[in-house]
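Trainee: Let's see this in three dimensions:
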Amino acid sequence: MVMSIKEILSGPEISGYLGSEKTKSLVEQEIVKRWGESELRNYDPMRSALTFKKWIQLGFVPKKGETAIRSFVTIERKDPKNPEKVVRKIKSIYLFYYRQVTELKANK
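Mentor: Numbers count the residues shown, from 1 in each chain. I've put the predicted structure just below:
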């Protein structure tokens with residue numbers, strides 16, 4: 001059974017958000033730009049802005065014509081040539097806010 005948006009927003013933490021204030025701020029700016037300042041009270045980085053893959057797993061799909069919110073994550077790995085050194089790489093991620101998705105209908 002597919003959970004409702006309300007259940008997702010009030011349920012356990014499900015995103016891969018790691019607590020970066022910079023990425024949270026970027027997503028908040030985009031939410032204000034698209035839906036207004038009042039929408040920030042509904043933003044929860046652990047539940048309400050998820051990747052396409054995560055929404056699909058939960059039984060939702062972005063609405064036609066919706067544009068993802070671009071954010072980023074920093075990936076840290078040990079340098080294979082020098083194990084003492086940590087290499088940081090920035091990877092773009094694309095999130096969809098809960099207002100941008102609709103329930104995925106099963107083909108019958």
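
Trainee: CA atoms of the helix or strand bottoming out on mean pLDDT in the chain as CSV?
Mentor: Least confident element among the helices and strands of the chain, by mean pLDDT, DSSP states H and E: strand 69-78 (a mean of 89). Output in CSV follows, covering the C-alpha atoms of strand 69-78 (Å, rounded to 0.1, in the frame of the first residue of the first chain):
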residue,chain,number,x,y,z
ILE,A,69,15.4,21.7,-7.5
ARG,A,70,19.1,21.5,-8.0
SER,A,71,21.3,21.0,-4.9
PHE,A,72,24.6,19.2,-4.3
VAL,A,73,26.4,16.8,-2.0
THR,A,74,30.1,16.6,-1.1
ILE,A,75,31.6,13.2,-1.4
GLU,A,76,34.7,12.5,0.5
ARG,A,77,37.0,9.6,-0.4
LYS,A,78,40.5,8.6,0.4
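
Trainee: Give the pairing partners of that strand; include direction for each.
Mentor: strand 86-97 (antiparallel) (DSSP bridges).

Trainee: Show me what counts as buried in the strand it pairs with.
Mentor: For strand 86-97, a neighbour-count test (16 or more other C-beta atoms under 10 Å) marks 95-97 as buried. Quick note: C-beta positions are derived from backbone N, CA and C, even for glycine.

Trainee: Please enumerate the strands of the chain.
Mentor: 49-51, 60-62, 69-78, 86-97, 101-103 (DSSP state E).

Trainee: Against which helices or strands is the first one packed?
Mentor: Right, the one you point to is strand 49-51. strand 86-97 (3 or more C-beta pairs under 8 Å, 6 or more residues apart in numbering; DSSP states H and E).

Trainee: Show the contacting residues for K24.
Mentor: 17, 45 (C-beta atoms under 8 Å, 6 or more residues apart in numbering).

Trainee: again, but for the one 10 residues further on
Mentor: When the contact criterion is C-beta under 8 Å, 6+ apart, the partners of R34 are Y97.

Trainee: repeat for the one 5 residues further on
Mentor: For E39, the contacting residues are 31-32, 99, by C-beta under 8 Å, 6+ apart.

Trainee: which intervals of this protein have sub-threshold pLDDT?
Mentor: 1, 106-108 (pLDDT under 70).

Trainee: Fine, thanks again, bye for now.
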